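Peer 1: this is a predicted model, with the sequence first.
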Amino acid sequence: AYLDISTAEFRVTEVESVEVLLEELFRIRPREILLPEEANPEWAGTAANQLGAAVTHIEPVHFDRRRAEESLTAHFRVHSLEGFGIHRMEAGIRSAGAILSYLQANLLDSCNHLQTLHPYHRSDYMVLDEATVRNLEIFQSASFQGLKGSLLAVVDQTSTPMGGRKLRQWLRYPLIQLEAIRSRQQAAAELVERASLRATIRSSLEKINDLERLNSRNSTGVSTPRDLVALKKSLQVLPVLRQALDGCASERLTGLRDSWDYLAEVAELLEASLTDPPPLTFNAGGVIAPGVSAE
């Protein structure tokens, strides 16, 4: 299981061997690896050294199946994990539960921004081992020893940090299911053929801040007044984006359009409650707009 605390990406899989586990770790590239106390497998040291990751040992009880399942169901407010599609993932449940327990005990009180848990199966994607990724120069160029000259540098025309992360994920996990590939191609083809629609969508996206990270900062209580105003301005763009997508025909784009919660009431609340521009910190005062609250 792995979690990116800054974006709330929480995913679970299971693998059949240590070799495959190492391949997956090199794809994920974690900053920290959690293990039960007294467990010190050779693969962990190898991975940590090559990835520059910290290894943290926690009490084995956090990896207990029953405790892990109870912790996950309580956090997500569900009766079982079946709805997430991970109920048969023994090691996955133990690992995800251990991550959540570690987070709750050491980093955050509520972890409210962790809203879901996504299973994935390596069989759904083309497996690219570390040597292949390096030789194809997908993320790093051998000539420049960095992003410059890599495939990612050539194709990354994304307008938001969220889009940049999504593109990296797609390149790390290339699709092999024909139907999913065609769905993605049809959406891309529509945007290639309709230049004005593409320009409108890009213009809207450029006005949207990093919603994933803003959400994490707000949920963990470290946001500033300017974070809240950035959230407000980003949410106010979503209806414009929705209007642009109304003219789309591809199933993937219409599906995205219809699946969003546009959070209009949140945007309205922020608009009515906050001064704009706001001060840098809450302690400075003058954050709440006049007339909102006498206190």
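Peer 2: Received the coordinates, thanks. Numbers count the residues shown, from 1 in each chain.
Peer 1: buried ones in the lengthiest helix in the chain?
Peer 2: Secondary structure of the chain read by DSSP state H shows that its longest helix is helix 225-245. Buried residues in helix 225-245, counted by 16 or more other CB atoms under 10 Å: 225-238, 241, 244-245. Yep, even glycine has a C-beta here, placed from its N, CA and C like the rest.
Peer 1: same deal with stretch 212-227?
Peer 2: Quick answer for stretch 212-227 (16+ other CB under 10 Å): E212, R213, L214, N215, S216, R217, S219, T220, S223, P225, R226, D227.
Peer 1: now do the helices in the stretch 101-250 of the chain.
Peer 2: Assigned helices in the stretch 101-250 of the chain, in chain order: 130-135, 151-155, 161-172, 178-193, 195-205, 211-219, 225-245 (criterion: DSSP state H, counting those that start in this stretch).
Peer 1: circling back to that earlier point, now do the longest helix of the chain: which elements does it pack against?
Peer 2: Contact partners of helix 225-245 among helices and strands, from 3 or more CB pairs under 8 Å, 6 or more residues apart in numbering; DSSP states H and E: helix 195-205, helix 211-219, helix 251-259, helix 264-273.
Peer 1: so where is the protein shaky, pLDDT-wise?
Peer 2: The model of the chain has pLDDT under 70 over residues 107-110.
Peer 1: same thing but 80
Peer 2: 107-112, 220 (pLDDT under 80).
Peer 1: so which of the helices and strands packed on helix 225-245 is the most packed in?
Peer 2: Of all the helices and strands packed on helix 225-245, helix 211-219 has the most neighbours on average by mean count of other CB atoms under 10 Å, namely a mean of 18.
Peer 1: packing partners of it?
Peer 2: Identification of packing neighbours for helix 211-219 by 3+ CB pairs under 8 Å, 6+ apart yields helix 161-172, helix 225-245.
Peer 1: what do you get if the cut-off is 10 Å, keeping everything else the same?
Peer 2: Identification of packing neighbours for helix 211-219 by 3 or more CB pairs under 10 Å, 6 or more residues apart in numbering; DSSP states H and E yields strand 2-4, helix 161-172, helix 225-245.
Peer 1: relative to A54, which of these is closest?
Peer 2: Distance to A54, taken as CB to CB, is lowest for strand 2-4 among those, at 14.3 Å.
Peer 1: give me the contact list for the closest one.
Peer 2: By CB atoms under 10 Å, 6 or more residues apart in numbering, the residues outside strand 2-4 that reach it are 9-13, 24-25, 27-34, 95-96, 99-100, 102-103, 111, 114, 117, 165, 212-213, 216.
Peer 1: rerun at 6 Å
Peer 2: F10, R11, I28, I99 (CB atoms under 6 Å, 6 or more residues apart in numbering).
Peer 1: over to stretch 94-109?
Peer 2: Applying CB under 6 Å, 6+ apart, the contact partners of stretch 94-109 are 1, 3, 12, 34, 58, 62-63, 65, 68, 71-72, 75, 111, 220.
Peer 1: related to what we said a few turns ago, out of the contacts of strand 2-4, which end up buried?
Peer 2: F10, R11, I99.
Peer 1: tell me the contacts of the first one?
Peer 2: Counting by CB under 6 Å, 6+ apart, F10 makes contact with L3, L114, L117.
Peer 1: can we see that at 8 Å?
Peer 2: Applying CB atoms under 8 Å, 6 or more residues apart in numbering, we find F10 in contact with A1, Y2, L3, D4, A96, I99, L114, T116, L117, H118.
Peer 1: do the same with the second one
Peer 2: Contacts of R11 were listed using CB under 8 Å, 6+ apart, and they are A1, Y2, L3, L117, H118, P119, Y120.
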